[in-house]
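K.L.:
need a structure here:
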Amino acid sequence: MAAPVEIDHRDTAYSLKRAYWLALACDLAYKDEATIDRQARDWGFGEVRHHETRFTPPFPLEDTQAYTMAGDDMIVTAFRGTEPAQIKDWLSDGTTPPSPGPGGTGHVHYGFAEALDSIFPDVENTLAELRTNGQSVWFTGHSLGGALAMLAGARLYLQEPRLAADGVYTYGQPRTCDATLAKAYNKGFKDRMYRFVNNNDVVPHLPPEPVYTHVDALRYIDSRGKVHDSVSLLGGLADRAAGLTADALAPASDGVRDHFMRSYLTALEKNLS
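P.N.:
Residues are numbered from 1 along each chain as shown. You can find the predicted model right below:
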């Protein structure tokens, strides 16, 4: 596996090239440790750490995994997601009580709070150890991993500002927190948070509103694979309808198909060409 684009470790500005590269980092989180180590070093990161915990929460999720790669100018932590059917099932349960948000700000989905709590101390200690040169810090993740990346950014911003992330990019992220935490997050991560949603991806519509909501900075990928900085309600509805009719043999599966990491990568590749 090799990235077809070069990434500038010193640049911190938003770009589709960076979005694509961080999507590759998300995809890498699903690989084995040897593959992650090899690719990270090919990308110019001399240090790689793996984070994994196992726990037994009251929903079908048994572990949390992530990895951190560090170079002279940049550190990236990528959180692994989970299977679309699995996350769809437990996020559809509207009876799950919310948990207090980071720093006592707002509330978050209980499942996300438990999953992040199981791994965050190791991630935080790793960042404190490896950030020896004032490197920029980035969080990224797909699906469940996107929720954890967003919450990890919120925890550092609200509890350990000296380690605050320079950017957070997520793909197919579910609704993660309430409006109070979202407001604080939007203020702290203005022009640093980018949440990519691919057409009919079902996961960003879960858990149900109004208890949970999204943070700002949506980047919408339409049914033709084009990335938009914003989309109107009517325009989004029309485009999602177009996506459903694109595959006449399996329209019902579009929401799951659009959630796959490969679908995000394919769309972002189109925008670079």
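
K.L.:
pLDDT below threshold where in this protein?
P.N.:
Applying pLDDT under 70 to the chain flags the ranges 1-5, 55-62, 85-86, 88-90, 92-95, 232-254.

K.L.:
Next, the buried residues of the longest helix anywhere in it.
P.N.:
Criterion DSSP state H: the longest helix present in the chain is helix 144-159. Buried residues in helix 144-159, counted by 16 or more other C-beta atoms under 10 Å: 144-158. For every residue, glycine as well, the C-beta is placed using N, CA and C.

K.L.:
And these, which is closest to Leu127?
P.N.:
Closest approach between the buried residues of helix 144-159 and Leu127, by C-beta to C-beta: Leu156, at 7.9 Å.

K.L.:
so which of the buried residues of helix 144-159 comes closest to Asp37?
P.N.:
Closest approach between those and Asp37, by C-beta to C-beta: Gly145, at 18.7 Å.

K.L.:
Please determine how far the closest one is located from Asp222.
P.N.:
Distance from Gly145 to Asp222, counting by C-beta to C-beta, to the nearest Å: 23 Å.

K.L.:
got the residue ranges for the helices in the chain?
P.N.:
16-28, 33-42, 84-91, 110-117, 120-130, 144-159, 179-188, 233-245, 254-257, 261-272.

K.L.:
Looking at the buried residues of helix 144-159, spot the one nearest Asp32.
P.N.:
Nearest to Asp32 among the buried residues of helix 144-159 is Gly145, at 16.3 Å by C-beta to C-beta.

K.L.:
Tell me who's in contact with that closest one.
P.N.:
Gly145 makes contact with 26, 29, 66, 78-81, 170, according to C-beta atoms under 8 Å, 6 or more residues apart in numbering.
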